[in-house]
Structure formats: C-alpha cells, structure tokens
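**Student:** Build me a model from this:
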Amino acid sequence: MSGTKLIPAYLEDRSHDLQYTEYTTETAKKLASILPEMPLDAVERSVRSPILVENWVRGILGPLGMQAMQLIDQIGQANGYYNAPQKPEKTWADTPFWRAFTVRYPSASAQPVADFHERYRKFTQVTGDVAHLKNTGQLEEMDRRIEAAGDRYGVTLNEITRALAMYQQQAHVIAFDREMTPQEKRQALDGVYYAIIEIAQTGNDMLDDIEGQEETSR
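**Tutor:** Purely as a prediction, here's the structure:
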C-alpha cells in the first residue's frame, strides 16, 4: 500500500476546518478557521484543514514550529483564550520516529484501517460508476465496467463500515470528554483503537477473499 495520507479516511467527509484529531493543536484549528476556503491541488485539499496547517508548519519551521504552536496553546489555555478539553496522555509511540517501529500501534489511522478504507473505496467506486453510466445512457460502457470489475461489482461490507463508524464516534467522544483525565482517555482510547484495527483487518481479509475468488475464476 502507499504511504499514509495526511488526512485520514475517517476525516475526509468532514468540512475542511473540522479535519483534526485529538492531538491537533488549538492554534492550528484557529488558523484554519480564519483562512480563506480554497483548494490546494487536484485532490481538493483545503488550506482550512488544521491537519494540513500543522503539516506546513512542520515543513517550513521543523520541530521548533510545532513546539511554538504547542506553547501558544498553553498560553491561550492558561489565559482563557482557548477552552479545550485535556488531550489524551501521549506515550513514546506517539512520536513519528518510534511509531514507524510499532506495526500495530493503536490509532484510528493505523495502517490496517487506512488500507481498508482505500481498498473499499475502490470497490464501491465501481457501483457508483455503473449507476452514473446507466443514468446517462452509456450502456455499453456500463456493461464493460461490470465485466471488468468481476466479483468486485456490488460488494458491500455494511457491517464492517458501520462498526468502524460506531467505534470512531466512540473514540471522538472519549478524546474530547471534559471530565476524563489524560491517563483515563489514553487507556480508554487504546481499547477502542485496538477494536478498530481488528475490525478493519477483518474487512481486509474479506476483500482478500473476494480478490482471491476473482483470480481463481479467471
């Protein structure tokens, strides 16, 4: 699979200014909210995404840039400018260097989760393409794409996608809870993230089976 995307799949459907995780700085959120809405590139990534704001700061200023944003967060929180809930406790595996060595690091954007979203998007894209071709009267092209898709056409893994959405919503509630301590959040989130990874891996296994059947039938 390709490298990890900046915007995790589970955040892609949010408005650009709401594309942030439990660790995104309040300063990045504030900057994103006041920037103009305009696309950056062919995939329509927006300057109003807090995740991309932090990425640019890291790219231009390096670690010092992020340290400055975190310091601004602390000052803003202490002076009542920000009123954010406490962030979950970080572990050594939260640093980019060490995370590269933790294959099953519990995160909503862990590799099995990213793989499932990307693979399943390609499966469901076939159904959308076929519906468009049918509605526009391009029946020969529709038949060609159905035949080319083989066993991938019509695949739905609703149980998997619903379960992922449910656990991701649970993780969001935990991360932004105003009563839990950072340590309690970390412990609760690890359990939820491990469940998300296991569900995504089950989805990947099911997609492997479908692709295997397709290869066998050729």
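**Student:** which helices and strands sit right next to the lengthiest helix in the chain?
**Tutor:** Criterion DSSP state H: the longest helix present in the chain is helix 182-217. Applying 3 or more Cβ pairs under 8 Å, 6 or more residues apart in numbering; DSSP states H and E, one finds that helix 182-217 contacts helix 111-135, helix 158-175. The C-beta positions use only the backbone N, C-alpha and C, and glycine is treated the same way.
**Student:** What's the mean pLDDT across the last one?
**Tutor:** pLDDT averaged over helix 158-175 equals 90, rounded to a whole number.
**Student:** Compute the inter-axis angle for it and helix 111-135.
**Tutor:** 130 degrees (axes from the mean of the first three to the mean of the last three Cα atoms, to 10 degrees).
**Student:** Relative to the whole chain's centre, how far out is helix 158-175?
**Tutor:** 12 Å (Cα atoms, centre = their mean, to the nearest Å).
**Student:** do stretch 69-83 as well
**Tutor:** 26 Å.
**Student:** Buried residues, that stretch. List them.
**Tutor:** Buried residues in stretch 69-83, counted by 16 or more other Cβ atoms under 10 Å: Met69, Ile72, Asp73, Gly76, Tyr82.
**Student:** Using CSV, write out every CA atom in that stretch.
**Tutor:** Only the C-alpha atoms of stretch 69-83 are listed here, as CSV (Å, rounded to 0.1, in the frame of the first residue of the first chain):
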residue,chain,number,x,y,z
MET,A,69,2.2,26.2,18.4
GLN,A,70,2.1,24.0,21.5
LEU,A,71,3.5,26.9,23.6
ILE,A,72,0.8,29.2,22.1
ASP,A,73,-1.8,26.6,23.1
GLN,A,74,-0.5,26.5,26.7
ILE,A,75,-0.6,30.3,26.9
GLY,A,76,-4.0,30.5,25.3
GLN,A,77,-5.4,27.9,27.6
ALA,A,78,-3.9,29.5,30.7
ASN,A,79,-5.4,32.9,29.8
GLY,A,80,-8.8,31.6,28.9
TYR,A,81,-8.5,32.3,25.2
TYR,A,82,-8.8,28.5,24.5
ASN,A,83,-11.3,26.4,26.3
